[in-house]
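> after the sequence you'll find the predicted model.
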Amino acid sequence: MAMLNELFGYFEYSFVRYAMITGVLIALCSSLLGVTLVLKRFSFIGDGLSHVAFGAMAVAGVVGLTNEMALVMPITIICAVLLLRTGQNAKINGDASVAMISVGALALGYLLMSVFSKSNNLSGDVCATLFGATSILTLTAFDVWMCVILSIVVVAVFLLFYNKIFCVTFDESFSKATGMKAGLYNLLIAIVIAVIIVLAMNLVGSLLISALVIFPALSAMRVFKSFKSVTICAAVLSVCCSALGILISILGTPVGPTIVAVDIVAFAGFSLAGAILGGVRK
Amino acid sequence: MKKIICLMLALLCLACFVSCGEDEPKDENYIDLTSMSATMIQTQLSNMSAFPDLFADKTVKMQGFVAMSEDGADIYCVYNDATACCTRLMVLEWPEGQEMPNADVTMTVEGKYDGSYTGVVQDYICGRLTDITVSW
């Protein structure tokens, strides 16, 4: 009871409410595309793109841009497009190109920050970018509205192109054969993924973003078998885990790792439920 | 499928409109960090550094360990996190005649936040408290 009172007390602060709204929206967006990414075997793309965003953020910091998003977003989108396109190229396999861009951007980003940074607290900045730290709790009203608008765009794109995304996810060759512009929809998916990654960096940091993308989808796949039911379950689960993670973290643990820990517990629960249900079905 | 997601989106938008607001806790001029969780303390101290004007002349109560500058002229109240990368410092305007604690002793300090101060100590952005009372 005392713990609940403490939580309600914290919700009097606007930054706590902002964190909850933003966290839930990011979780919803990341889980929607998570199913597609897992099925397309691009689970690790979130990690690669988040490291690209880290590198871009370092460049923005060095250049002295006040609005980092203006540089981070386009660079991440370009890399997302390159990664998804290169994934179809036989010369460099999908996982190799993700790994290459991931470590390259991370190393260059840290190098630039170390050599040219004008920040007074480099270790704090790196920690916040990699693990989120309290980034989600220090958002301004502008950041929140930006997140709300981008989230609405992401969900709208997913709804409008649901059937196309479904086709491209499961059988790209067949969708091309039927005259669908698969390349265009892959480009759309890449752009949406990049937007989600940049948004999610505030929530869990660049090292933990993949968890937001893959855990809800994988958990839902333990129990449900159709694309539609997996997507709905992943979205609901992701939102619940994120909200619970933020609530627990407000009581004294780091935000990003707590959300991921809740996702892991949910995955274990769904795996158990899937095993039991699988046994019953047989 | 579309109906469910539209409904979810509508609920989220509604929650955004209901939740967004600038109202802060009732006692706006007293910030007791000693009664807050570690996450909330880090956030409040971070906000104080980022937006010192908003916290000007508010009474802040915090707990941290004692640290001194190399020349002994300045005394700080230090709040550490687990990885020490998000350490926060508060410069204390030490009252004349007040006994000095040893370094690394945990103390509780209460004082007025100086909204005009933006300093950097050993790579950490910090704030300053004036008119302080201390206990350890």
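Arrived safely.
> next to chain B, which bits of the stretch 151-282 of chain A? Give me the list.
Taking Cβ under 8 Å from any Cβ of the partner chain as the criterion, the stretch 151-282 of chain A approaches chain B at residues A:151-152, A:155, A:158-159, A:162, A:228, A:231-232, A:235, A:239, A:249-255. (C-beta placed from N, C-alpha, C; glycine too.)
> restricted to buried residues, select those in ChimeraX.
Buried residues among these (16 or more other Cβ atoms under 10 Å in any protein chain shown), as a ChimeraX selection:
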select /A:151,152,155,158,162,231,232,235,239,249,250,251,253,254,255
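> low-scoring stretches of the stretch 1-150 of chain A, by residue?
When residues are selected by pLDDT under 70, those of the stretch 1-150 of chain A lie in A:85-90, A:94, A:118-124, A:133.
> for B:Ala67, pull up the helix or strand it's in.
strand B:59-68 (DSSP states H and E).
> what strands line up against that strand, and which way round?
In the sheet, strand B:59-68 lines up against strand B:30-32 (parallel), strand B:75-79 (antiparallel), strand B:106-113 (antiparallel) (DSSP bridges).
> after the second one comes which helix or strand?
Think strand B:75-79. Immediately after strand B:75-79, counting by DSSP H and E, sits strand B:88-92.
> same check on the longest one?
Using DSSP H and E, the helix or strand that follows strand B:106-113 in sequence is strand B:119-121.
> quick one: check the helix or strand following that next one for contact with chain A.
Heading C-terminal from strand B:119-121, the first helix or strand you meet, by DSSP H and E, is strand B:124-135. Yes. With Cβ under 8 Å from any Cβ as the criterion, chain A is reached by strand B:124-135 at B:124-125.
> please name the nearest non-neighbouring residue to A:Val98.
Excluding its sequence neighbours, the residue lying closest to A:Val98 (Cβ to Cβ, 6 or more residues apart in numbering or on different chains) is A:Gly48, at 4.0 Å.
> elements contacting the helix or strand that neighbour falls within?
Using DSSP H and E, A:Gly48 falls within helix A:45-63. When contacts are defined as 3 or more Cβ pairs under 8 Å, 6 or more residues apart in numbering or on different chains; DSSP states H and E, helix A:45-63 packs onto helix A:14-39, helix A:69-86, helix A:94-116, helix A:122-131, helix A:182-204, helix A:209-223.
> hmm, back to that, give me the contacts around the strand holding B:Ala67.
By Cβ atoms under 8 Å, 6 or more residues apart in numbering or on different chains, the surrounding residues in contact with strand B:59-68 are B:29-34, B:41, B:45, B:48, B:74-80, B:89-90, B:101-113, B:129, B:136.
> what's the answer for stretch A:173-181, then?
Here stretch A:173-181 makes contact (Cβ under 8 Å, 6+ apart) with A:164, A:167-168, A:182.
> rewinding a little: hang on, the residue nearest to A:Val98 packs against A:Leu83?
Yes. In this structure, A:Gly48 is within contact of A:Leu83 by Cβ atoms under 8 Å, at 6.3 Å.
> how many other residues sit next to the residue nearest to B:Leu89 when sequence neighbours are not counted?
Take B:Leu89 and drop its neighbours on the chain: the residue closest to it by Cβ to Cβ, 6+ apart is B:Cys126, 3.7 Å away. As a burial measure, B:Cys126 scores 23 neighbours (other Cβ atoms under 10 Å in any protein chain shown).
> quick check: bridge partners of B:Cys126?
B:Leu89, B:Gly119.
> that one against B:Gly119, yeah?
Yes. Shown here, B:Cys126 and B:Gly119 form a contact pair, counting by Cβ under 8 Å, at 5.5 Å.
> what do these two both touch?
With Cβ under 8 Å, 6+ apart as the test, B:Cys126 and B:Gly119 both reach B:Val91.
> quick one on the thing from earlier: just put the contacts of stretch A:173-181 in JSON lines and tack on neighbour count and distance to A:Val63.
Output for these, formatted as JSON lines (neighbours: other Cβ atoms under 10 Å in any protein chain shown; distance: Cβ to Cβ, whole Å):
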{"residue": "A:Lys164", "neighbour count": "17", "distance to A:Val63": "38"}
{"residue": "A:Cys167", "neighbour count": "18", "distance to A:Val63": "41"}
{"residue": "A:Val168", "neighbour count": "24", "distance to A:Val63": "36"}
{"residue": "A:Ala182", "neighbour count": "20", "distance to A:Val63": "37"}
